[in-house]
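Visitor: Pasting a predicted model and its sequence here:
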Amino acid sequence: MKIGINSDMGEGFGNYRICDDEALMGIVSSANVACGFHAGDPIIMDRMVRLAKQKGVEVGAHPGLPDLLGFGRRVIQMDAAELEKHMVYQIGALQAIAANAGHRVTHVSFHAAMGNMVNADADMADVVARAIATINRDFIVFSQPDAEIVRASRKVGLRILTLFLADRAYDEYGHLVSRKLPNSVITSTEAVAERVKRFLDSGTVKAIDGKSIKVEARSILIHSDTPGSVNLASTVRRVIEEGGGEVTPATVLLN
């Protein structure tokens with residue numbers, strides 16, 4: 001099996017860092033780089049892009065709502081046109097930084113509240129998908145399956161890479177359990193190893209209530225801000241490779 005590993009990265013600000021991005025970049029096949037609104041800044045973005053180029057890792061934009069204090073996880077009311085402009089601004093910034101570093105942006109992966117908005121709202125999903133296709137029709141959209149952004153992206157001819165979130169709990173309907181609830185974030189390497197092995201073997205994951213649910217995904221996500229994220233990502237890669245799988249970049253997976 002060929003499958004990707006991706007992580008949301010560069011989510012510090014100034015001198016502050018969320019995780020060991022350098023170590024994490026040596027594990028993943030795709031890096032979703034924060035673009036300065038929920039986290040990150042031009043210096044961090046440049047460092048992430050250059051590190052990704054050095055490690056042979058694909059780079060994607062990770063746009064979020066303009067909410068540094070809330071890490072982009074708080075809802076900000078805006079209409080579809082406003083959301084579109086905030087997204088386009090961030091993608092453009094990362095494209096310029098990548099070009100300056102001799103690298104390129106290959107995908108878009110939405111962060112937190114912005115992601116929830118385009119996953120649930122059909123009109124917003126249509127607007128942002130059209131904008132992404134206008135910027136670069138070759139961009140890949142990273143998303144959980146069965147989201148409005150998946151439908152909208154396919155409608156305009158964009159490719160989709162669906163995700164399995166190894167460090168987040170699912171409910172019986174295949175939705176993420178709210179971070180406000182206990183056990184919604186999974187930090188145990190043993191638990192992550194079991195979840196990934198189960199997913200690779202059967203395409204299923206055990207929901208928080210114990211039920212087995214189907215998950216369709218081509219890449220496994222570990223959040224860089226999850227405690228122990230480097231160890232968790234290393235565990236994911238180990239389980240894949242021990243099972244005979246190959247960690248593969250998104251552009252190759254969908255070629």
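Guide: Yep, that arrived. Every value quoted in this text rests on a predicted model; they were computed, and no experiment measured them. Numbers count the residues shown, from 1 in each chain.

Visitor: And the helices in the protein, which stretches?
Guide: 21-25, 42-55, 80-100, 112-120, 122-135, 148-155, 189-202, 229-242, 250-253 (DSSP state H).

Visitor: Ok, which of those helices comes nearest residue 10?
Guide: helix 42-55 (4.0 Å; C-beta to C-beta). All C-beta spots, glycine's among them, are computed from the backbone N, C-alpha and C.

Visitor: Which positions in the closest one come out as buried?
Guide: Residues of helix 42-55 classed as buried by neighbour count (16 or more other C-beta atoms under 10 Å): 44-53.

Visitor: of all these, which comes closest to residue 246?
Guide: residue 52 (19.2 Å).

Visitor: Surely the closest one touches residue 29?
Guide: No - using C-beta atoms under 8 Å, residue 52 makes no contact with residue 29, being 10.3 Å away.

Visitor: which residues do those two both contact?
Guide: Residues touching both residue 52 and residue 29 (C-beta atoms under 8 Å, 6 or more residues apart in numbering): residue 58.

Visitor: hang on, the earlier thing: could I get the helices of the chain as a markdown table with distance to residue 62?
Guide: Listed next are these as a markdown table, based on distance: least, C-beta to C-beta, whole Å:
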| stretch | distance to residue 62 |
| --- | --- |
| helix 21-25 | 13 |
| helix 42-55 | 10 |
| helix 80-100 | 8 |
| helix 112-120 | 9 |
| helix 122-135 | 13 |
| helix 148-155 | 14 |
| helix 189-202 | 21 |
| helix 229-242 | 15 |
| helix 250-253 | 14 |
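
Visitor: do you know which of these lies nearest residue 218?
Guide: helix 250-253 (5.5 Å).

Visitor: What are the contacting residues of the closest one?
Guide: Contacts for helix 250-253 (C-beta under 8 Å, 6+ apart): 2-4, 6, 29-30, 58, 60, 106-107, 140, 142, 161, 218-219.

Visitor: Now, of those, which are buried?
Guide: 3-4, 6, 29-30, 58, 60, 106-107, 140, 142, 161, 218-219.

Visitor: okay if I get those residues as a markdown table plus pLDDT and distance to residue 18?
Guide: As requested, these are exported to a markdown table (pLDDT from 0 to 100; distance: C-beta to C-beta, whole Å):
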| residue | pLDDT | distance to residue 18 |
| --- | --- | --- |
| 3 | 98 | 25 |
| 4 | 98 | 21 |
| 6 | 99 | 16 |
| 29 | 98 | 20 |
| 30 | 98 | 18 |
| 58 | 99 | 20 |
| 60 | 99 | 17 |
| 106 | 98 | 23 |
| 107 | 99 | 20 |
| 140 | 99 | 24 |
| 142 | 98 | 19 |
| 161 | 98 | 23 |
| 218 | 98 | 25 |
| 219 | 98 | 20 |
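
Visitor: contacting residues for the spatially closest residue to residue 184 that is not a sequence neighbour?
Guide: Counting by C-beta to C-beta, 6 or more residues apart in numbering, residue 177 is the residue found nearest to residue 184 once chain neighbours are left out, at 4.2 Å. Residue 177 makes contact with 168-171, 183-184, 208, according to C-beta under 8 Å, 6+ apart.

Visitor: Buried ones from the residues you listed, can you make that a PyMOL selection?
Guide: In PyMOL, this line selects whichever of those come out buried by 16+ other C-beta under 10 Å:
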select buried, resi 168+169+170+171+184+208
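
Visitor: which one among the contacts of residue 177 gets closest to residue 18?
Guide: Distances from residue 18 to the contacts of residue 177, taken by C-beta to C-beta, are shortest for residue 168, at 16.3 Å.
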